[in-house]
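Trainee: need coordinates for the following:
(2 chains)
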Number of protein chains: 2
Amino acid sequence: MYNIGIDLGGTNIAMAIVDENGTMIRKDSTPTYRERDYKEIIKDMGALANKLIQAEGLTEEDIHSVGIGSPGTPDTENGLIVYANNLKFKNTPVREEFQKYLNKPVYIENDANAAALGEYESGAGEEYSNLVAITLGTGLGAGIVIDGKIITGSYHGGAELGHTVIQANGEPCSCGRKGCWEAYSSATALIRDAKKAAKANPESLLNKLVDNQLEKINAKIVFDAADNQDKTAQLLVTQYIEYLAIGLVNVINIFQPEVIVLGGGVSAQGDNLIVPLKEKMLDEIYGGKDQFKTQLKVAELGNDAGIIGAAMLYKVYE
Amino acid sequence: MYNIGIDLGGTNIAMAIVDENGTMIRKDSTPTYRERDYKEIIKDMGALANKLIQAEGLTEEDIHSVGIGSPGTPDTENGLIVYANNLKFKNTPVREEFQKYLNKPVYIENDANAAALGEYESGAGEEYSNLVAITLGTGLGAGIVIDGKIITGSYHGGAELGHTVIQANGEPCSCGRKGCWEAYSSATALIRDAKKAAKANPESLLNKLVDNQLEKINAKIVFDAADNQDKTAQLLVTQYIEYLAIGLVNVINIFQPEVIVLGGGVSAQGDNLIVPLKEKMLDEIYGGKDQFKTQLKVAELGNDAGIIGAAMLYKVYE
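Mentor: Residues are numbered from 1 along each chain as shown, chains lettered A, B, ... in the order given. Okay, the predicted model is just below:
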């Protein structure tokens, strides 16, 4: 039995046939051209799905279900995308439209939740019965899976851990609040602070690494400069890790998951990030260091997490 | 069919026979004398349970199960209390010991979770499929119920919403962290700030209402002084509500529950609290006021929530 997983992005639609163990056996993609009407976009999705099935030498009968991870707010029950900022979707009947091309059960989820499910089913969370996945990228995304169920709130707008305030009246956040975790621990936040610090400290290696073009600063460059003993960058990394630790200890105090999986660009730092982060978190664990039972791991599936998780949605919703 | 609910407190053991609808039909209590060995305490619990059954004209066969809400950390699976600060319990086999006196299924939960379940089953949350209950008292307690399941973390130490940092490097908290929600929104936090403010503002009504004995200040006195147009108290209430709103919007962004139920001493303020609180929260809701779908209610069961919730534990664990 196979399932099809679809990661519907603003730029590309990535899709794969996935086996029951969560392994992708054939993958392909097609441009979204997101300005188009939903019917055209979904027509391309349907065509690609059928192409994959054929290319793999399968028939429609070999496919058990289709899962779609989408940005924005899905209505999982009715198979709609209620709203997606990046796409012109509003209460769009994605399930119904897709079934015109492939008449299988279609499950829809938010893309961050789908990615969390991917890591849970066949990535860094495979051995655990629950997980919180945190993506440190442009924003701070989160997905929560407990005993195989996705925790997403009554109206599919929950699990927005990035938009919990950790510094009242602090840095403005894109959501309108002040002091959200995202405004301190996303890659964007680190870059924002690094640009300020580079400007204020012309001698910092940060400036040299980007040929004084501050708009080229990214998270990796900050970590690289810190590795090279640049004091300004070291301070930035220390502060970044402090706030990240505060948010992650919050996550533990709320969910006490067996594992927290860190994904996104910043997580590519691996032990460079995890080791000092864990040390900082240990100081804040309720009941002392012995009570730190949650594992801290780096995501394993990269961009494929969303595809694999989407393909596994049938496990959640059937 | 009836169930017995037990609220095991540091001072009293409160107990009731509860019908299937969550209505208490006979209630009694006995002192805990918490310094005693667990066997003596549980012997008294067993005796009281049998006394209640007899007094109601029932037999053991009419009782389906027994639920116990306890402070501290329970091991729900094995029926132990792992640790309870107020009692001399450590890995105490409460289920096994209690069954010597009444041989029925025994379910054990943390008392805050049991109280949340009580409100969910037959209190302010009765009409909803999920809820977060927040108790504003000495501490800031929380219980989370989603689709009839208690969310408590893999190691029964989660749901500690009071110990999520909302003000990094802020007020010290009893848990060892700085800036926890509890350190701003518990009754204790309000009293701490009121004492400081009363001292700094000798003309404030706060001083008069307690005959200049600042140790007599409680949450009600602060709200009373504010109602009487005392500027110092009004500022305290405004600040208190601001931080409470920040934490509650965090709860919505994480769980997006259908209802948040506020209990504990401060919640006795009713609309005096709820109306300005909701107004403040509206400003911070992601996607604007239309997206404020979570109801905000005052707890209905008072101290009985823990007993009723304990009696309903069989619904969660069977």
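Trainee: got a pLDDT number for the closest residue to A:Ile166 other than its chain neighbours?
Mentor: Using Cβ to Cβ, 6 or more residues apart in numbering or on different chains and skipping the chain neighbours, the partner closest in space to A:Ile166 is A:Trp181 (5.0 Å). Just so you know, the C-beta spots here come from the backbone N, C-alpha and C atoms, and that holds for glycine as well. Per-residue pLDDT puts A:Trp181 at 98.
Trainee: and the lengthiest helix in chain A, what does it pack onto?
Mentor: Taking DSSP state H as the criterion, chain A has its longest helix at helix A:231-255. Judged by 3 or more Cβ pairs under 8 Å, 6 or more residues apart in numbering or on different chains; DSSP states H and E, helix A:231-255 is in contact with strand A:130-136, strand A:140-146, helix A:182-185, helix A:187-200, helix A:205-209, helix A:219-227, strand A:259-263, helix A:271-282.
Trainee: of all those, which lies closest to B:Ile307?
Mentor: strand A:140-146 (27.4 Å; Cβ to Cβ).
Trainee: got the residues of the stretch 151-300 of chain A near chain B?
Mentor: A:151-161, A:163-168, A:170, A:175-177, A:242-243, A:246, A:249-250, A:252-258, A:284, A:286-287, A:291, A:293-294 (Cβ under 8 Å from any Cβ of the partner chain).
Trainee: count the residues that sit near A:Glu127.
Mentor: 10 (other Cβ atoms under 10 Å in any protein chain shown).
Trainee: pretty sure it is in a helix, no?
Mentor: No: using DSSP: H, G, I helix; E, B strand; the rest coil, the secondary structure at A:Glu127 is coil, not a helix.
Trainee: what sits against it?
Mentor: Contacts for A:Glu127 were tallied using Cβ atoms under 8 Å, 6 or more residues apart in numbering or on different chains; they are A:Val259.
Trainee: wait, A:Asp95 touches A:Leu80, no?
Mentor: One thing to correct before we go on: residue A:95 is Arg, not Asp. Yes: in this structure, A:Arg95 is within contact of A:Leu80 by Cβ atoms under 8 Å, at 7.4 Å.
Trainee: find the residues that touch each one of these two.
Mentor: Joint contacts of A:Arg95 and A:Leu80 (Cβ under 8 Å, 6+ apart) are A:Ile108.
Trainee: low-confidence ranges, chain A, go.
Mentor: Within chain A, the segments meeting pLDDT under 70 span A:85.
Trainee: what helix or strand is the residue lying farthest from the centre of chain A on?
Mentor: When distances are taken from the C-alpha mean of chain A, A:Glu203 lies farthest, 35.4 Å away, according to Cα atoms, centre = their mean. Per DSSP states H and E, A:Glu203 falls between elements, in no helix or strand.
Trainee: just A:Tyr83 next, same as before
Mentor: Here A:Tyr83 is assigned to strand A:80-84, by DSSP H and E.
Trainee: specify the next element, helix or strand, located C-terminal of that strand.
Mentor: Following strand A:80-84 in sequence, per DSSP H and E, is strand A:89-92.
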